[in-house]
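Q: Pasted the sequence and its predicted model underneath.
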Amino acid sequence: MERTGVDTPIRRASKREFLRLITRKIPPSQWKRNGSKSERVALQRDVVRLQSALKAEAMGILPKSFKGVFEEQINRFKETALFLGNRYKLRSKNYKASDWTAEEIATGVGILMSSSIAAFGNEAALIAMSRPKFQSLIDRAYARTRYLLGEADGIVNPRLAARNESILRKLKDVQVSSKNMADFKIGKAVDSGALSGSSWGDAVAAVTATIAGRVNSGSRLNTLGRTEAFHAVDEGLKEAVKMSGSLTHMSVVGCKAIEPNIPTYMGTPTCNIEDVPIQDVDMVQFHVNHTGAWFPSRFKVD
């Protein structure tokens, strides 16, 4: 089975660490009037640093959290398959290849597919795990961006919870992907003769191992962690800048390359996109595993 590679040390994006990473401890109360050019450059740097710190913390938590949920689902798949196999008498003896009938093989396939539905057919566990973790990232991205902008008044914002729910709904796609992976591995195992050359217990163990190697692979866990961490931090920051009385435009920096077939905004690829009006930031979407970060690029001038 592939090593998961999710043992990333947790870098806490605490209040103390936040104050250490920013350039100005007391931002101007109104950037549009009091922010000099050097202060605006410092703000841009601090906003990028803030996102980096929160994402680094999330990468120490989210991949392991996803791994835990997927492990429970994989175990449920195995337990359900073994239980149903016993119910339908597939565990009554150690079958050899010559002992399996066409009907028994069909029954085994049906059991495996039913077990996939039972284990991977619902995203409720993913949502329950993610909701508090996402909300914490959203809240801190919002509050600390507001602080950097010198606009930390009215820190309680009910729209932050709604933003969380909007990204939680997208976890259905993650769960559907898990089920599709499991179903594909079941099909490959059946085609390779796993049911006709093993006992039921051995066949279930082999299929479970192949599913785990794909659903819970280290590359997938890290991609999910990075993508979902970005989404959560992004939501908090976007809400903060949309409320700002100082900014007019945001840009993106840090993308390694413009990926093929990525989302666009007004016909422009969103990797390293420049000068998006703050009222349009919610219209800007990014590709999976996006590495860029927002920064303020234009300010209001009296």
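A: Structure's in. What do you need? Numbering: from 1, shown residues only.

Q: so what's the most centrally placed residue in the chain up against?
A: For the chain, the residue nearest the mean C-alpha position is residue 228 (2.6 Å; Cα atoms, centre = their mean). For residue 228, the contacting residues are 58, 62, 130, 134, 167, by Cβ atoms under 8 Å, 6 or more residues apart in numbering. For every residue, glycine as well, the C-beta is placed using N, CA and C.

Q: what about 10 Å?
A: Residue 228 makes contact with 58, 62-63, 65-66, 126, 130, 133-134, 137, 167-168, 170-171, 174 under the criterion Cβ atoms under 10 Å, 6 or more residues apart in numbering.

Q: Just the closest of these to residue 223, please.
A: Within the contacts of residue 228, the smallest distance to residue 223 is 8.9 Å, found for residue 63 (Cβ to Cβ).

Q: Give me the secondary structure label for the closest one.
A: Secondary structure state of residue 63, per DSSP: H, G, I helix; E, B strand; the rest coil, is helix.

Q: That one: neighbouring residues, count only.
A: Using other Cβ atoms under 10 Å, residue 63 has 25 neighbouring residues.

Q: tell me the pLDDT at it?
A: At residue 63, the model reports a pLDDT of 96.

Q: tell me the SS of residue 295?
A: strand.

Q: Identify the residues contacting residue 87.
A: residue 111 are the contacts of residue 87 under Cβ under 10 Å, 6+ apart.

Q: Export stretch 52-72 to PDB, keeping only CA atoms.
A: Coordinates of each C-alpha in stretch 52-72 appear next as PDB, following Å, rounded to 0.1, in the frame of the first residue of the first chain:
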ATOM      1  CA  SER A  52       0.800  31.300   3.800                       C
ATOM      2  CA  ALA A  53       0.700  30.900   7.600                       C
ATOM      3  CA  LEU A  54      -2.900  29.800   7.800                       C
ATOM      4  CA  LYS A  55      -2.400  27.300   4.900                       C
ATOM      5  CA  ALA A  56       0.700  25.900   6.500                       C
ATOM      6  CA  GLU A  57      -1.200  25.200   9.700                       C
ATOM      7  CA  ALA A  58      -4.000  23.600   7.700                       C
ATOM      8  CA  MET A  59      -1.600  21.400   5.800                       C
ATOM      9  CA  GLY A  60      -0.500  20.000   9.200                       C
ATOM     10  CA  ILE A  61      -4.100  19.100  10.100                       C
ATOM     11  CA  LEU A  62      -6.300  18.600   7.100                       C
ATOM     12  CA  PRO A  63      -4.500  15.700   5.200                       C
ATOM     13  CA  LYS A  64      -4.500  13.700   8.500                       C
ATOM     14  CA  SER A  65      -8.100  14.500   9.100                       C
ATOM     15  CA  PHE A  66      -9.100  13.400   5.600                       C
ATOM     16  CA  LYS A  67      -7.100  10.300   6.100                       C
ATOM     17  CA  GLY A  68      -9.000   9.500   9.300                       C
ATOM     18  CA  VAL A  69     -12.400   9.800   7.600                       C
ATOM     19  CA  PHE A  70     -11.300   7.700   4.600                       C
ATOM     20  CA  GLU A  71      -9.900   5.000   6.900                       C
ATOM     21  CA  GLU A  72     -13.200   4.700   8.600                       C
END
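
Q: Name the residues of that stretch that are buried.
A: By neighbour count with 16 or more other Cβ atoms under 10 Å, stretch 52-72 contains the buried residues 52-67, 69-70.

Q: Inside helices: which ones of those?
A: Within the buried residues of stretch 52-72, residues falling in helices by DSSP state H are 52-59, 62-67, 69-70.

Q: Can you show me the helices along the stretch 51-200 of the chain?
A: 62-87, 102-120, 124-148, 159-168, 171-191, 200-215 (DSSP state H, counting those that start in this stretch).

Q: could you give the angle of the shortest one to helix 124-148?
A: This means helix 159-168. Helix 159-168 runs at 140 degrees relative to helix 124-148, counting by axes from the mean of the first three to the mean of the last three Cα atoms, to 10 degrees.

Q: Sounds good, over and out.
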